[in-house]
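[1] sequence and predicted model, in that order:
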Amino acid sequence: MIRKCLVSIFEFYRDGFRSMTWGRTLWVIILLKLFVMFFVLRAFFFTPYLEGKSDDEKQRFVGEELIERGVK
Amino acid sequence: MWESIDTSMIDWSRAQFALTAIYHWLFVPLTLGLAVVMALMETFYVITGNGFWKRTAKFWMKLFGINFAVGVATGLILEFQFGTNWSNYSWFVGDIFGAPLAIEGILAFFMEATFVAVMFFGWNKVGKRFHLASTWLTGLGATISAWWILVANSWMQYPVGMEFNPETMRNEMVDFMAVAFSPVAVMKFFHTVLSSWIVGAAFVTGVSAWFLIRKREKEFALASMKVAAGVGLFAALVTAGTGDQSAYQVAQVQPMKLAAMEGLYDGGTHQPFTVAGPVKVPEMLSFLATREFSGYVPGINDLLEGGFKQADGTLALSAEEKMANGKKAIEALADFRRAKESGDASAMQIARSSLEKNMPYFGYGYIGEPSELVPHVGTMFWAFRVMVGLGMYFILFFLLVLFFAWKHKLAQVGWLHVAALWSIPLAYIASHAGWIVAEVGRQPWTIQDMLPVGAAVSRLETGAVQTTFLIFLVMFTVLLVAEVGIMVKAVKKGPETAVAPEAESNG
């Protein structure tokens, strides 16, 4: 029953994608955009500033930053 | 007071966020607005069984699909920026910001992945009613996504339902319902979503008018204009009402924003509303801000100098007093952390008590000069007038479209077709002007009274932020050109000619 259901869903999407006309161009745009976002921008330009720190290190770092910027 | 941070880096980080948000908001309102118009058309199809409405709905769905495909996930870039450019902010807001965004992400993915697919692929695969439900649920999914994003934004404008934990340096949610249903969030949701319906309605009306100008698809264009104008008029009227309520809330929770919107330096009772230049409506600002014609409205100088009686009966503190309290809060935080390091429980308790007392002014401790608390008045004054002026214009515009439709003269009024076409960019300008009022007006705060931009920003190199700014500028411009290009091509092609159901494509 579950298998039949999953197959139906698969076929629904498969047939949908196969019968697309102008939608193919849009999918190219979506995939290209996601690639640029995640494999270029995220990987090379938008590394989280606190990445690599443990939660304890993060709270210590932010605490020092916020205290230092306030008392100067 | 952030001399240790390069102020041009702060400005570039702000500019980068603004650029991304502006581009993202080119796609979102059309998604929200077009979803309602096309769902109504499909509803007419299901009710009447008339294939004309199916063909009409499918055309607008095609344009919805183009906009959706180009715009989808552009908002994620804002989340990249939180982690990279605004790391202090990201840590400081903790799960208050994370929870709504996580709910939004999950809902958006599952609802949109499911129902958008059924909407586009399911015409000949599922029943009429199931397909119609999927179309409405696609719009509902996008609207629910908007709800959670706006909850997060509203919390920054009016932080409620949390407590600051000095041990973790994070704000912790103590009342989910207060965050999710804060009055500011509720009003912002209705104002933003309904104003997005205006964008969708103006888009449909304008594109339909183009067909009439080109003397093509007359029946389709007239029917689309009538549906869109009905949605647009309803949305414009509700937007005016929610706008009034939003302005009242701003007067209560962000009085500096209201004073900047009005360019009001010295307030008082019986304040007039400035339309533009010397044209004023007597006592109207007092009424809008306090619901009394004689109500007191503080100006920028009053807010900086303090000493006036507030709505709760207390005397307002001056900016200098708030800054001093903010300093005390930051010093208490430093004392708390030192006491924690040394394991001095009683000193921790004393510091925590001082911090809690002064926490409402925490952000003021980073302010160097009172003038830093004033947003750019010229931008605020004119952005507000553009938004309200265009809001009024759209009420009149949609009324005229419906009037001429009622008189059966809609196809003949050429000047209205031209006006409709030009109303498409006007709708976007109105929508963006609204966001400029909301976001420029809360400067210098990322979180109202708690964290100014100079404390929230990461210590990055200015050059690195400039580089990513330019990358985004290029990337989003390419996406926008792609969107407009594909959209124009699809519009020029027009709606499909009537074909047998089995020969229909899925787009």
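    Yep, that arrived. Numbering: from 1, shown residues only, chains lettered A, B, ... in the order given.

[2] any stretches of the chain with poor pLDDT?
    Chain wasn't specified; assuming chain A. The model of chain A has pLDDT under 70 over residues A:71-72.

[3] should've been chain B
    B:1-5, B:109, B:498-507.

[4] and the longest helix for it?
    Longest helix in chain B, counting residues (DSSP state H): helix B:7-48.

[5] ranges for the helices of the stretch 301-450 of chain B?
    B:319-342, B:345-358, B:377-406, B:414-440 (DSSP state H, counting those that start in this stretch).

[6] flag every buried residue along the second one.
    Of all the residues in helix B:345-358, those buried under the rule 16 or more other CB atoms under 10 Å in any protein chain shown are B:348, B:351-352, B:354-355, B:358. Heads up, the C-betas are built off the backbone N, CA and C, glycines and all.

[7] how many neighbouring residues does residue 66 have?
    I'll assume chain A. 23 (other CB atoms under 10 Å in any protein chain shown).

[8] nope, chain B
    26.

[9] and the residue of the stretch 151-300 of chain B found nearest chain A, how many neighbours?
    Residue nearest to chain A within the stretch 151-300 of chain B (CB to the nearest CB): residue B:169, separated by 4.4 Å. The local packing of residue B:169 (other CB under 10 Å) involves 23 other residues.

[10] do I have it right that it meets residue B:90?
    No - using CB atoms under 8 Å, residue B:169 is not in contact with residue B:90, being 11.4 Å away.

[11] dump the residue contacts of the residue in chain B positioned nearest to chain A.
    Residue of chain B nearest chain A, by CB to the nearest CB: residue B:121 (2.8 Å). Residues near residue B:121 by CB atoms under 8 Å, 6 or more residues apart in numbering or on different chains: A:12-13, A:15-17, A:19, B:506.

[12] how about residue B:164?
    Here residue B:164 is in contact with B:170-172, B:355, B:359, B:362 (criterion: CB under 8 Å, 6+ apart).

[13] buried subset of those as a ChimeraX selection?
    Here is the ChimeraX command that picks out the buried ones among the contacts of residue B:164, judged by 16+ other CB under 10 Å:
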select /B:170,171,355,359,362
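
[14] from the contacts of residue B:164, which ones fall inside strands?
    B:170-172 (DSSP state E).

[15] could you dump those to JSON lines with distance to residue B:68?
    Formatted as JSON lines, those follow (distance: CB to CB, whole Å):
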{"residue": "B:170", "distance to residue B:68": "35"}
{"residue": "B:171", "distance to residue B:68": "34"}
{"residue": "B:172", "distance to residue B:68": "36"}
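
[16] looking at those, spot the one nearest residue B:230.
    residue B:171 (43.5 Å; CB to CB).

[17] now do the domain split for chain B, please.
    B:7-254+B:377-493, B:293-365 (automatic domain parsing).

[18] most packed of the ones you listed?
    A comparison of these by mean neighbour count, using mean count of other CB atoms under 10 Å in any protein chain shown, puts domain B:7-254+B:377-493 on top with a mean of 20.

[19] starting at the chain centroid, how far to that one?
    In terms of CA atoms, centre = their mean, to the nearest Å, the centre of domain B:7-254+B:377-493 is set 7 Å apart from its chain centre.

[20] any idea how far apart the tips of that domain sit?
    End-to-end distance of domain B:7-254+B:377-493 (CA to CA, to the nearest Å): 50 Å.

[21] which SS class is whichever residue of chain A sits closest to chain B?
    At 2.8 Å from chain B, residue A:16 is the closest residue in chain A, using CB to the nearest CB. Three-state call for residue A:16 (DSSP: H, G, I helix; E, B strand; the rest coil): helix.

[22] immediately after the helix or strand harbouring residue B:112, which helix or strand?
    Residue B:112 belongs to helix B:95-121 when assigned by DSSP states H and E. Using DSSP H and E, the next helix or strand after helix B:95-121 towards the C-terminus is helix B:128-157.

[23] where does the residue nearest to residue B:490 when sequence neighbours are not counted fall, phi/psi-wise?
    Spatial nearest neighbour of residue B:490, excluding adjacent residues (CB to CB, 6 or more residues apart in numbering or on different chains): residue B:62 at 5.6 Å. In terms of degrees, to the nearest 10, the main-chain angles of residue B:62 are phi -60, psi -50.

[24] ok, residue B:277 next?
    Torsion angles, degrees, to the nearest 10, at residue B:277: phi 60, psi -130.

[25] that one: how many residues sit nearby?
    6.

[26] with adjacent residues omitted, what lies nearest to residue B:189?
    Using CB to CB, 6+ apart and skipping residues adjacent in sequence, the residue nearest residue B:189 is residue B:150, 4.9 Å away.

[27] surely that neighbour and residue B:192 touch.
    Yes - here residue B:150 reaches residue B:192: they are 5.9 Å apart, a contact under CB under 8 Å.

[28] what's the overlap in contacts for these two?
    With CB under 8 Å, 6+ apart, residue B:150 and residue B:192 have no common neighbours.

[29] output stretch B:445-460 as CSV, restricted to C-alpha atoms.
    This file holds the C-alpha atoms of stretch B:445-460, laid out as CSV (Å, rounded to 0.1, in the frame of the first residue of the first chain):
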residue,chain,number,x,y,z
TRP,B,445,18.3,49.7,16.0
THR,B,446,18.6,46.2,14.8
ILE,B,447,16.5,45.4,17.9
GLN,B,448,14.6,48.4,19.2
ASP,B,449,16.3,49.9,22.3
MET,B,450,18.4,46.7,22.8
LEU,B,451,21.0,46.4,20.0
PRO,B,452,22.1,49.1,17.6
VAL,B,453,23.7,48.3,14.2
GLY,B,454,27.2,49.2,15.5
ALA,B,455,27.0,46.5,18.2
ALA,B,456,25.2,43.9,16.1
VAL,B,457,27.7,43.9,13.2
SER,B,458,30.6,41.5,12.7
ARG,B,459,34.1,42.7,12.7
LEU,B,460,34.7,42.2,8.9
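
[30] residue 69: which element?
    You didn't pick a chain, so chain A it is. helix A:55-71.

[31] hm, I was asking about chain B
    helix B:51-71.

[32] what's the neighbour count on the nearest residue to residue B:58 once chain neighbours are set aside?
    Here the nearest residue to residue B:58 in space, its sequence neighbours aside, is residue B:496; by CB to CB, 6+ apart that works out to 6.5 Å. The tally of other residues near residue B:496 (other CB under 10 Å) stands at 15.

[33] wait, isn't residue B:496 in contact with residue B:57?
    No - Residue B:496 lies out of contact with residue B:57 (CB under 8 Å); the separation is 11.2 Å.

[34] okay, buried residues for stretch A:39-56 please.
    A:41-42, A:46, A:49-50.

[35] circling back to that earlier point, which elements pack onto the helix holding residue B:69?
    helix A:23-35, helix B:7-48, helix B:95-121, helix B:183-213, helix B:218-253, helix B:462-493 (3 or more CB pairs under 8 Å, 6 or more residues apart in numbering or on different chains; DSSP states H and E).

[36] mind running it again at 6 Å?
    In terms of contacts (3 or more CB pairs under 6 Å, 6 or more residues apart in numbering or on different chains; DSSP states H and E), helix B:51-71 is packed against helix A:23-35, helix B:7-48, helix B:462-493.
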